[in-house]
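Chemist: whatever this is, show me its structure:
(chains A and B)
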Amino acid sequence: MATVVLENVHVDFPIYGGHRSLRRVVFERATGGLIKHSGGKSDRVSVKALSGLNFELHDGDRVGLVGHNGAGKSTLLKVIAGVCEPTSGRVLSEGRITPLFTAMPGMDGEDTGYENIMTAGQLLNIPLKKLESLLPQIEEFSELGEYLTLPMRTYSSGMVTRLGFALATSIDPGILLIDEGIATGDARFVEKAAQRMKEFVGRSSIMVIASHSNEMIQSTCNKALFMRAGEIVAAGPVDEVLALYSDSPYEAAAVGAG
Amino acid sequence: MSIPSELKSSLRPLTTSAFEDLSNGLMNWSLWARMGWLEVKRRYRRTVIGPFWSAVSLAIMVGAVGAIGSALWKQDPFEYLPFLASGLVVWMLISSITIESCGLFVNSSTLFRQMRFDYSILVYSLVWRNFIVFLHNLTVYVVILVLMAPQQINFNILLVAPGMLALLINGVWIALLLGLICLRFRDILQLINSLIQIAMFVTPIFWPLNALENSARVVFVHFNPLYHLITIVRDPLIGKIPPSEVYLAVAVITVCGWALTYVVFERFRKRIVYWS
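Modeler: Numbering: from 1, shown residues only, chains lettered A, B, ... in the order given. This next block holds a predicted model:
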């Protein structure tokens, strides 16, 4: 039984240094979250990335996050993952959380494929024993053969993503968080990967994915959240929310001072 | 909220206290030991003698400074060289932990921005990899001791173990505290680099303590925490029992340092990802 609960979650990113250039951004009214000056002598600038989110996710939820650049989708994923603790409000959860923001965390080009699998696996909280038992199928699926004994800087970028994909999708994710999908390599591999991805997502109890691809959200999600300027504009069935999203103008977030 | 209360009980908040971070991180020794070891390996990959490069440069330094220093402070070379080598070995451990800790969080931000992370893992890994390099450097001292002053080898050497443990425990808070400060205030890195250079000269590493005898400036030694942290390992290395003053000072440094670091870490732990 997995659950995620957000209670009145606010996230402000303080910006250190470079006040001047930011001030220009404020006047240009670019996209993104609310940029506010906290007033007083310090004149600290912060970006309001999420403001007052409330929702719950339960077993079986497959949620697609949509919204323009800077709407807060990635920040929301990071808050659920526990990477960013909210400035105010709280996040409660039950169950294992697997954030897949990069396929191979802690990767270093100087280390061999095997060494990177072990490091990334431990960073993903896979126990050593489990990791060893997963190794054969990672080897098989990534099709990298002898390359696994070479430093990863000798890999092509497609080979790196293949290994990352093979490792990441080998586990039972629990609450799965994905930002912009996972790259999968060349055309032949894509088909094979799509099948594995489907099984992987199927093993998760809750999935939240941020994506700009409507097809991906339609094919994998049963709910959607439309975000704008750090707030949830609409939530509900995928088709309704996507329709609302595609009708919305590309408008800038309101910007306030003080 | 709409969730029934019996369900809510199994929900846990995603916050981690400083204590949980430090203890969970320590338990995850297989990860930090691995990260520390790989970092050492990486740094010397494709070199022939690897980490022993640092030992070679240490040996050259001991030879050069030893030749001049023994004349400068009128020391018996057979006593001075083990003294110098033991001091330098320990000093290199302390200074490299201090300097590297400035980049602790700055350089690893890609890691902890991707996943929920016990930050202390980075700290343990840093101290561990410096300890590995220390063990390589130690070979220089062992060779010098055996060749030049075998009469200094006695059971007091066993006191190296508790001294080393105390030094490493202090290394952890130093790395964590400096890592936090340098992440928030990026200028501190430069400051630390110059302070470390100055500290090398005002701490009795090259010069023997008795050179300051009868001088009021001996306060530079007794109120210098680095002197105590070095001596607690160095004296046993050269076969002496460290003065009880040193053990007392190290105990005070450990307690105060950890108390300060814990308060700072508890207060600012959740800001780390925002500062990066």
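Chemist: what residue lies at the spatial centre of chain A?
Modeler: Centroid-nearest residue in chain A, with Cα atoms, centre = their mean: A:Asp179, separated by 3.0 Å.
Chemist: you'd agree that one is up against A:Leu77?
Modeler: Yes. Using Cβ atoms under 8 Å, A:Asp179 is in contact with A:Leu77, at 5.6 Å. For glycine as for every other residue, the C-beta is placed from the backbone atoms N, C-alpha and C.
Chemist: which neighbours do the two share?
Modeler: Counting by Cβ atoms under 8 Å, 6 or more residues apart in numbering or on different chains, the contacts common to A:Asp179 and A:Leu77 are A:101, A:210.
Chemist: still on that earlier bit, any idea how far chain B is from the residue nearest to the centre of chain A?
Modeler: 10 Å (Cβ to the nearest Cβ, to the nearest Å).
Chemist: do the same with A:Ala81
Modeler: 6 Å.
Chemist: again with A:Leu50
Modeler: 13 Å.
Chemist: next one: A:Leu57
Modeler: Distance from A:Leu57 to chain B, by Cβ to the nearest Cβ: 11 Å.
Chemist: quick check: that residue touching A:Leu65?
Modeler: No. A:Leu57 lies out of contact with A:Leu65 (Cβ under 8 Å); the separation is 11.6 Å.
Chemist: overlap in contacts of the two?
Modeler: The contact lists of A:Leu57 and A:Leu65 share A:Val208, where a contact means Cβ under 8 Å, 6+ apart.
Chemist: backbone dihedrals for B:Asn170, please?
Modeler: The phi/psi pair for B:Asn170 (degrees, to the nearest 10) reads phi -70, psi -30.
Chemist: that one touches B:Val252, doesn't it?
Modeler: No. Judged on Cβ under 8 Å, B:Asn170 makes no contact with B:Val252 at a distance of 11.1 Å.
Chemist: which one of these two has more residues nearby?
Modeler: B:Asn170 (22 against 12; other Cβ atoms under 10 Å in any protein chain shown).
Chemist: for the nearest residue to the more buried one once chain neighbours are set aside, list the residues it contacts.
Modeler: With sequence-adjacent residues excluded and distances taken as Cβ to Cβ, 6 or more residues apart in numbering or on different chains, B:Asn170 is closest to B:Thr254, at 5.7 Å. By Cβ under 8 Å, 6+ apart, the contact set of B:Thr254 is B:166, B:169-170, B:173.
Chemist: quick one: the helices in chain B?
Modeler: B:5-8, B:18-27, B:29-43, B:52-72, B:77-101, B:109-112, B:120-148, B:160-184, B:188-202, B:219-222, B:225-237, B:244-268, B:272-275 (DSSP state H).
Chemist: coming back round to it: give me the pLDDT for the residue nearest to the centre of chain A.
Modeler: In this model, A:Asp179 is scored at 85, pLDDT.
Chemist: got the phi/psi numbers for it?
Modeler: According to degrees, to the nearest 10, A:Asp179 has phi -110, psi 110.
Chemist: and it, how far from A:Ala166?
Modeler: Applying Cβ to Cβ, to the nearest Å, the value for A:Asp179 to A:Ala166 is 19 Å.
Chemist: with B:Tyr80 instead?
Modeler: Taken as Cβ to Cβ, the span from B:Tyr80 to A:Ala166 is 59 Å.
Chemist: cool, A:Gly82 as well?
Modeler: Taken as Cβ to Cβ, the span from A:Gly82 to A:Ala166 is 25 Å.
Chemist: higher neighbour count, those two?
Modeler: For A:Gly82 versus A:Ala166, the count of surrounding residues by other Cβ under 10 Å is larger for A:Ala166: 24 against 19.
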